[in-house]
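> based on what follows, work out the 3D shape:
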Amino acid sequence: MSKNERIAKEVLALVGGEQNVNSLVHCATRLRFGLKDTSKANTAKLLKTDGVITVKESGGQYQVVVGNNVPEVFAEIGKISNITKDAKNAPKNTEEKGNLLGKAVDIVSSIFAPLLGVMAGAGILKGLLLIAVNFGWLANTDPTYTILFAAADSLFYFLPVLLAVTTARKFGGNVFVALTIAGALLYPSIIALRSTPPEGGVDFFGIPVTLMSYSSTVLPIILAVFVMCKLEGFFNKRIHESVKNFLTPLFLLVIMVPLTLIVFGPIGVNAGNAVAAAMVAAFEFNPILAGAIMGASWQLLVMFGIHWGLVPVFINNIAVHGQDGVKPAATASVFAQTGAMVGVMLKTKNKKLKTLSGSAAITGLFGITEPGIYGVTLPLKKPFIAGVIGAAIGGGIIGWAGTNAFASGAPGLLTLPIFYGPGGEGFTGLIVGILVAFFVSLGLTYVLGFEDPVEEEETETDNVTASEQIASPITGKVVELKNVADPVFSSEAMGKGIAIEPAVGRVVSPVNGVVSVAYKTKHAIGLVSDNGAEILIHVGLDTVQLEGKYFTSHVKQGDKVAAGDLLVEFDIAKINEAGYDTTTPVIVTNSGKYSDITISKKGNVAENETLLILDSNVKENIA
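You can find the predicted model right below:
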């Protein structure tokens with residue numbers, strides 16, 4: 001079994017299995033899962049999985065950072081599951097929950113993430129061609145240039161077509177209808193109508209049509225396909241199965257192509273231009289301050305996934321103006337964090353950290369900073385702050401120089417050509433800015449220092465005592481885990497344990513410890529005992545769908561609890577009336593640390609009676 005295949009299998013099992021996944025996309029380093037129930041994901045085990053750098057929940061997504069090999073891991077998941085197939089097969093009643101910002105970030109990242117690789121490659125080629133023309137190595141009338149420029153520019157010219165595919169997959173629509181709508185926007189006769197409109201203008205059955213240029217646009221096709229997907233569901237429910245396969249596409253095309261040209265096209269183009277103009281105006285008002293803010297904040301935006309909101313702005317600026325003056329300052333942030341990683345590598349005496357920071361720095365030079373941020377600078381705190389300071393200074397220099405991007409691509413060493421425009425204006429400022437960002441961050445990291453981790457002798461105790469007793473958190477009937485009607489639990493993918501059919505609607509703490517996770521939906525709670533046992537209590541099956549209804553939580557994350565303290569109350573009758581099973585799994589999610597987990601009670605059990613006995617697998621300290 002290859003490394004990537006192993007990572008794929010382990011990650012898929014630890015996020016709750018295929019049945020717990022609504023959607024999956026990937027970006028440069030992260031697998032971005034849309035999960036039905038995040039409490040079924042074993043974050044603790046994922047963090048300890050070889051090949052997983054870190055795990056984050058942001059923007060309505062459960063993000064597993066695996067590094068540069070994410071495309072290969074994504075492909076392996078596609079081989080062992082149906083997750084990466086069309087999203088139209090995903091259940092419609094389990095859409096991701098979250099606030100408005102989280103949903104917006106999830107939508108944008110899901111639509112653009114699949115295009116990042118080819119977009120970066122095309123952007124680099126476009127940048128190299130600009131350099132070749134500026135230095136006189138190629139003429140823009142040369143057939144060689146024309147062929148290579150077509151290869152570089154076709155993605156951007158036909159961007160609505162590509163976005164039609166990813167948007168349809170995100171919202172569960174017919175990809176081929178979406179492609180046809182996008183093709184209509186770029187159809188030669190439509191372009192000709194815009195170039196030479198008939199006298200009196202263009203109308204559709206008397207309705208005026210404002211024709212726009214849709215090549216390289218972003219918002220019009222996203223809006224159009226979103227509405228198309230909603231209409232598709234409407235028609236499919238009302239048209240007989242024998243004819244819906246051709247009648248639904250017919251109605252969608254007849255409605256959506258005119259509607260897009262009349263409404264969504266002008267709205268999308270004008271809205272995109274307005275947002276882009278606002279950001280450009282900020283750089284024109286005070287380019288140094290705007291560049292410093294962009295440089296300082298970019299990695300923070302990346303960490304929380306919010307940077308996706310700026311991607312359409314960058315693309316729109318290049319499409320409309322042929323250049324973008326907002327993105328270059330973000331490049332300073334990439335090189336600043338890389339400089340901080342080098343500073344850690346030079347300063348630390350910890351061999352493992354030295355190796356990690358060195359390899360992360362090499363990756364960072366090429367624009368992939370997540371391994372270094374999550375594995376090096378952020379845990380050490382001061383290096384991350386040094387990187388933010390260096391990025392602010394470098395971003396200010398780049399803003400002052402008036403640097404522009406002339407093609408799309410993730411900021412990094414290989415994509416520097418995308419910032420080289422006619423005459424090279426602003427390119428020198430970019431180089432100076434990223435060098436300053438790199439060396440200021442490196443120097444500050446070295447001077448300020450950080451708490452260098454002490455090299456630890458190998459031990460297998462891992463804070464687990466010889467044995468531990470887990471009390472029952474609920475009064476009810478004991479059920480073996482293998483008999484639970486949810487394969488996430490019955491397969492023991494999340495860990496070993498037991499389940500209880502509750503007779504009383506209350507959950508008490510089975511241990512002395514800390515509340516490690518208190519889910520907003522109140523249906524599940526995670527605890528870490530004083531002796532190191534990690535316990536998940538999941539009240540009911542699929543009860544996440546109730547979104548907290550019929551549950552009352554009495555604790556919050558971080559609270560200290562004693563055995564017997566009330567954690568959650570729930571209404572058994574109303575949950576059953578809503579159609580949900582109240583069987584409650586009690587899982588030891590770090591059960592691999594124990595040589596044996598014994599069920600000490602069968603039949604009925606009362607809260608606070610001993611339920612599980614954990615025997616440690618501690619071996620002699622080899623130090």
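
> let me see the domain layout of this structure.
3-98, 158-283, 286-448, 467-616 (automatic domain parsing).

> from those, which stretch is densest packed?
Greatest average neighbour count among the domains of the chain goes to domain 286-448 (a mean of 23), per mean count of other Cβ atoms under 10 Å. To be clear about C-beta, it is placed using only N, CA and C from the backbone, and glycine gets the same treatment.

> what about that one, start to end distance?
Counting by Cα to Cα, to the nearest Å, you get 31 Å between the two ends of domain 286-448.

> if we can go back for a sec, turn the domains of the chain into CSV, columns for mean pLDDT.
CSV is the format used below for these (pLDDT from 0 to 100):
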stretch, mean pLDDT
domain 3-98, 76
domain 158-283, 85
domain 286-448, 84
domain 467-616, 87
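
> which one of the ones you listed lies closest to K126?
domain 286-448 (3.8 Å; Cβ to Cβ).

> and the domains of the chain as TSV, adding distance to W137?
Putting the domains of the chain into TSV (distance: least, Cβ to Cβ, whole Å) gives the following:
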stretch	distance to W137
domain 3-98	30
domain 158-283	26
domain 286-448	13
domain 467-616	57
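
> out of those, nearest to F149?
domain 286-448 (11.0 Å).

> what segments of the stretch 301-450 of the chain are helices?
311-321, 328-347, 351-365, 370-372, 378-380, 382-401, 427-448 (DSSP state H, counting those that start in this stretch).

> what is the distance between the fourth one and the centre of its chain?
Here the centre of mass of C-alpha atoms in helix 370-372, compared against the chain's by Cα atoms, centre = their mean, to the nearest Å, lies 15 Å away.

> what are the contacting residues of it?
28-30, 53-54, 65, 67, 302, 337-338, 341, 357, 359-361, 363-364 (Cβ atoms under 8 Å, 6 or more residues apart in numbering).

> checking the nearest residue to S467 once chain neighbours are set aside next. Helix, strand or coil?
What sits nearest to S467 in space, not counting adjacent residues and going by Cβ to Cβ, 6 or more residues apart in numbering, is D615, at 5.1 Å. Secondary structure, DSSP: H, G, I helix; E, B strand; the rest coil: D615 is strand.

> got the contact list for A340?
A340 neighbours (Cβ under 8 Å, 6+ apart): V376, T377, P383, F384, A386, G387, G390, S441, L442, L444, T445.

> please read the previous query as pertaining to R194.
Contacts for R194 (Cβ under 8 Å, 6+ apart) come out as L211, M212, S213.

> closest one to V517 out of the residues you listed, please.
M212 (48.3 Å).

> does that closest one really touch F264, like I thought?
No. Here M212 lies out of contact with F264, judged by Cβ atoms under 8 Å, at a distance of 10.3 Å.

> so what sits against both of these two?
Common contacts of M212 and F264, defined by Cβ under 8 Å, 6+ apart, comprise P220.

> which residue sits farthest out from the middle of the protein?
Distance from the C-alpha centroid of the chain, by Cα atoms, centre = their mean, peaks at E199 (49.5 Å).

> a markdown table for the contacts of A340, including distance to I575?
Shown next, in a markdown table, are the contacts of A340 (distance: Cβ to Cβ, whole Å):
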| residue | distance to I575 |
| --- | --- |
| V376 | 45 |
| T377 | 45 |
| P383 | 48 |
| F384 | 44 |
| A386 | 51 |
| G387 | 48 |
| G390 | 53 |
| S441 | 53 |
| L442 | 56 |
| L444 | 55 |
| T445 | 53 |
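
> out of those residues, which is nearest to D559?
F384 (28.4 Å).

> the closest one: what's it in contact with?
Q337, A340, I373, T377, L378.

> what separation do you get for the residue nearest to A401 when sequence neighbours are not counted and P71?
In this structure, A401 finds its nearest non-sequential neighbour in G429, 2.1 Å apart by Cβ to Cβ, 6+ apart. As for G429, its distance to P71 is 34 Å (criterion: Cβ to Cβ, to the nearest Å).

> and N604, what are its phi and psi?
phi -100, psi 150 (degrees, to the nearest 10).

> now do the strands in the stretch 501-623 of the chain.
Remark: strands assigned in the stretch 501-623 of the chain by DSSP state E, counting those that start in this stretch are 506-508, 513-518, 524-529, 534-538, 551-553, 560-561, 566-570, 584-588, 594-599, 604-605, 610-616.

> spatially, what comes nearest to V52 if we skip its sequence neighbours?
L46 (5.4 Å).

> pretty sure the one you found sits in a strand.
No. Using three-state DSSP, the secondary structure at L46 is helix, not a strand.

> where along the stretch 1-150 of the chain do the strands fall?
Under DSSP E, counting those that start in this stretch, the stretch 1-150 of the chain gives strands at 21-26, 30-35, 54-58, 61-65.

> what's the angle between the first one and strand 30-35?
Strand 21-26 runs at 170 degrees relative to strand 30-35, counting by axes from the mean of the first three to the mean of the last three Cα atoms, to 10 degrees.

> who are the contact partners of I124?
With Cβ under 8 Å, 6+ apart, I124 has these contacts: A407, G409, L414, T415, P417, I418.

> same question but for A471, I mixed them up
A471 touches P510, V511, A563, G564, E607, N608, E609, T610, L611, counting by Cβ under 8 Å, 6+ apart.

> redo these as TSV? Include distance to V177.
As requested, the contacts of A471 are arranged in TSV below (distance: Cβ to Cβ, whole Å):
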residue	distance to V177
P510	53
V511	55
A563	58
G564	59
E607	55
N608	59
E609	59
T610	60
L611	54
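
> tell me which entries of those lie within helices.
Using DSSP state H, no member of the contacts of A471 sits in helices.

> and of those, the nearest to G433?
So of these, ranked by how close each gets to G433 (Cβ to Cβ), first place is V511, at 53.3 Å.

> could you dump stretch 74-83 to CSV, C-alpha only?
Provided in CSV are the C-alpha atoms of stretch 74-83 (Å, rounded to 0.1, in the frame of the first residue of the first chain):
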residue,chain,number,x,y,z
PHE,A,74,-7.7,13.2,-3.0
ALA,A,75,-7.4,10.9,-6.0
GLU,A,76,-7.0,7.9,-3.7
ILE,A,77,-10.1,8.8,-1.8
GLY,A,78,-11.9,8.9,-5.1
LYS,A,79,-10.8,5.4,-5.8
ILE,A,80,-12.1,3.9,-2.6
SER,A,81,-15.3,5.9,-2.4
ASN,A,82,-17.9,7.8,-4.4
ILE,A,83,-17.3,11.1,-2.6
